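Enquirer: Got a sequence here, can you model it:
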Amino acid sequence: MRAHLILALCLHLCSKAATEKCQLKHKGGNREFPANFSFGASTAAYQIEGAWNEDGKGLSIWDTYTHTNPERIRDRTNGDAAAESYHRFEQDLVALKELKVNFYRFSFSWPRLLPNADTTVINQKGIDYYNMMIDKLLANNIEPMVTMFHCDLPDALNKFGGFTNDIIIKYFHYYAEFLYETFGDRVKKWITFNEPFDYCVLGYGRAYFPPLVHSPGVADYLCMDNTLRAHAAAYRAYKAKYFSAQGGKVGITISSRFYYNQQNGGDESIVERAMQYSLGWLANPIFGKTGNYPQLILDDIWNNSMREGLSWSRLPAFDEFWSKVIKGSGDFLGLNYYTSRYAELADPADGEIPSWEYDSQLQYSVDEKWKQGKSDWLYCVPQGLEDILKWIRDHYDNVEVFVTENGWSDNGQLEDSERVDYLQAHLQAVLNAVNDGCNVTHYSHWSLIDNFEWNMGYTQKFGLFYLNLTSPNKERIAKKSARYYSSVIESGKIILS
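Expert: Numbers count the residues shown, from 1 in each chain. Here you go, the predicted model:
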């Protein structure tokens, strides 16, 4: 308890300096990363590929959403063309080579490969595109790290409930097997799902993202439940049928902030509650000891469901069969970390009844002195990355962790000194965690190039490379942060900016 209080006070007292430069001190040990540590950059198909209706690609829910609801995108743009990476991968490859990355994390577009979401129609041109990418990456000593699903659900599946219908488990299972069979001879790092909490809660709870379902505390929970089971089915299929020949790893990427408590004496029970309702919700069934949701969450939602007059819990525990299938269904935990918050108990609970906010009984705040990015949710708290990695170490038997996303938003300027500060501080956080025994082996920065940032369109830029959207050639131009990151990768150690 004292440790969290001291840390919260330190975060507050140091926040004035943080407004000037986002930084984190080195904490002893070797300043160099381990020799086998891997550095990469990340993107996602819908955000960069474009070619939304070319060469046999089917519709995704983001295609239909941005076309029918342009007013919901801040600058009324979409991913129809984006960075045109479907036609300009060579330009992305030049950027990757300039960075000297060890791996490139990108996603397959499910509807580009399987327009109907199943194998009734297999799009050979989609296969050819991803084969070309994979082969050229490998030819340049860049390992492909592939995400199977990054928000762009085939619209064909949305017609019967998407992730709220448990038939998604079967569809995803066979999609995953198709990927293993088609690309698994060369792809050895697989991520099944990216940020389930976000596409479930924002898509099926708050109706902020497609498919615009407003059913908090019910549909979003079904989405996360079915995602976990689909992930486990894909993982078990790999181990049973493909691992002996292909020898790869399969994991899942979960997004989470780290949480501190500053008003209740650094109450660790509040920190634990916040972490379980964030990271633990999805990580505990896979990497925990029970093969089930955190007991805290199961108890809360059962009690709330009974008070609401239901005869069942809105979040039932997994039965014995699914618990065995899900438990241990991950060779690594992918972590997307951007920022942190202070957490306090909310009395009365916030949010609609029912909802995740109401069930969690928490409210969140930030220090007004923390440096803020262009995104209204993004504050620079590098200590949070170090602490969340230690939390994973202590709660999940020091499972291997890939930091799959971490990044800073601005206006896209080439002299992006704030991104350099953010990157340096968060790399230092990773190195501190490694030096403290955390099994972190990969770090991937979001993102390689400026891209379509979902509801924010192109109003917020996360790229290491500036994307010239108004040019016919869509040039990728290295920013100051790209040069900084390449120097870290080349030297294998933190470079002081």
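Enquirer: The stretch 301-450 of the chain: helices as residue ranges?
Expert: For the stretch 301-450 of the chain, the helices defined by DSSP state H, counting those that start in this stretch cover 320-326, 356-360, 382-395, 417-435.
Enquirer: Out of those, flag the one nearest Lys97.
Expert: Proximity to Lys97, assessed across those by CB to CB, is greatest for helix 417-435 (19.1 Å). Using the backbone N, CA and C atoms, a C-beta is placed for each residue, glycine as well.
Enquirer: got the angle between that closest one and helix 382-395?
Expert: Relative orientation of helix 417-435 versus helix 382-395 (axes from the mean of the first three to the mean of the last three CA atoms, to 10 degrees): 30 degrees.
Enquirer: which of the residues in helix 417-435 are buried?
Expert: For helix 417-435, the neighbour count (16 or more other CB atoms under 10 Å) marks 418-435 as buried.
Enquirer: for it, packing partners?
Expert: The elements that helix 417-435 packs onto, with contact taken as 3 or more CB pairs under 8 Å, 6 or more residues apart in numbering; DSSP states H and E, are helix 382-395, strand 440-446, helix 480-491.
Enquirer: Let me know which of those is the nearest to Ser409.
Expert: strand 440-446 (9.7 Å).
Enquirer: Partner strands of the closest one and their direction?
Expert: strand 38-42 (parallel), strand 401-405 (parallel) (DSSP bridges).
Enquirer: Kindly calculate the angle that it makes with helix 480-491.
Expert: Going by the same axes, to 10 degrees, strand 440-446 makes 160 degrees with helix 480-491.
Enquirer: And strand 440-446, what's buried?
Expert: Val440, His442, Tyr443, Ser444, His445, Trp446.
Enquirer: Please determine how far the second one is located from Trp391.
Expert: Per CB to CB, to the nearest Å, His442 is found 18 Å from Trp391.
Enquirer: what's the spacing between the most far-flung residue of the chain relative to its centre and Pro354?
Expert: Distance from the C-alpha centroid of the chain, by CA atoms, centre = their mean, peaks at Gly309 (35.4 Å). Per CB to CB, Gly309 is found 11 Å from Pro354.
Enquirer: So, low pLDDT: which residues of the stretch 1-150 of the chain?
Expert: By pLDDT under 70, the weakly predicted segments of the stretch 1-150 of the chain are 1-20, 28-29.
Enquirer: and if we set it to 80?
Expert: 1-20, 25-30 (pLDDT under 80).
Enquirer: And the strands in it, which stretches?
Expert: Ranges of strands in the stretch 1-150 of the chain, per DSSP state E, counting those that start in this stretch, are 38-42, 103-107, 143-149.
Enquirer: List the neighbouring strands of the second one plus their orientation.
Expert: Which is strand 103-107. Partners of strand 103-107, by DSSP bridges, with direction: strand 38-42 (parallel), strand 143-149 (parallel).
Enquirer: show me what contacts Tyr242?
Expert: Tyr180, Glu181, Gly184, Gly248 (CB atoms under 8 Å, 6 or more residues apart in numbering).
Enquirer: now swap in Phe193 and tell me
Expert: Counting by CB under 8 Å, 6+ apart, Phe193 has contacts Thr147, Met148, Phe149, Thr227, Ala230, His231, Ile252, Thr253.
Enquirer: Please repeat the previous calculation with a cut-off of 6 Å.
Expert: Phe149, Thr227, His231, Ile252 (CB atoms under 6 Å, 6 or more residues apart in numbering).
Enquirer: In ChimeraX, select just the buried ones from those.
Expert: To isolate the buried subset of the contacts of Phe193 in ChimeraX, counting by 16+ other CB under 10 Å, use the following:
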select :149,227,231,252
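Enquirer: what's around the nearest residue to Ile353 once chain neighbours are set aside, how many residues?
Expert: Nearest residue to Ile353 in three dimensions, chain neighbours excluded: Glu308, at 6.8 Å (CB to CB, 6 or more residues apart in numbering). Glu308 has 12 neighbouring residues, counting by other CB atoms under 10 Å.
Enquirer: What separation do you get for Glu308 and Leu296?
Expert: 19 Å.
Enquirer: before we move on, what about Pro34?
Expert: Taking CB to CB, one finds Pro34 at 35 Å from Leu296.
Enquirer: in stretch 350-362, what's buried?
Expert: For stretch 350-362, a neighbour-count test (16+ other CB under 10 Å) marks Gly351, Pro354, Ser355, Trp356, Glu357, Tyr358, Asp359, Ser360, Gln361, Leu362 as buried.
Enquirer: which stretch of helix or strand covers Tyr238?
Expert: helix 219-241 (DSSP states H and E).
Enquirer: for Asn292, that is, sorry about that
Expert: Using DSSP H and E, no helix or strand contains Asn292.
Enquirer: Around the closest residue in space to Met148 that isn't next to it in sequence, how many other residues sit close by?
Expert: Excluding the flanking residues, the one nearest Met148 by CB to CB, 6+ apart is Thr192, at 5.3 Å. Neighbour count for Thr192, taken as other CB under 10 Å: 28.
Enquirer: can you confirm Thr192 is in a strand?
Expert: Yes: counting by DSSP: H, G, I helix; E, B strand; the rest coil, Thr192 is part of a strand.
Enquirer: how close does it get to Asp220?
Expert: With distances taken as CB to CB, Thr192 is found 19 Å from Asp220.
Enquirer: what do you get for Asn292?
Expert: For Asn292, the distance to Asp220 - CB to CB - is 18 Å.
Enquirer: okay, now Leu93: neighbour count?
Expert: 17.
Enquirer: One more: Asp80?
Expert: 13.
Enquirer: Ok, Gln124 next?
Expert: 11.
Enquirer: same deal with Gln263?
Expert: 13.
Enquirer: Dig out what the closest residue to it other than its chain neighbours forms beta bridges with.
Expert: Leaving aside its sequence neighbours, Gln263 sits nearest to Glu344 (CB to CB, 6+ apart; 5.7 Å). Bridge pairing for Glu344 (DSSP bridges) gives the partners Gln363.
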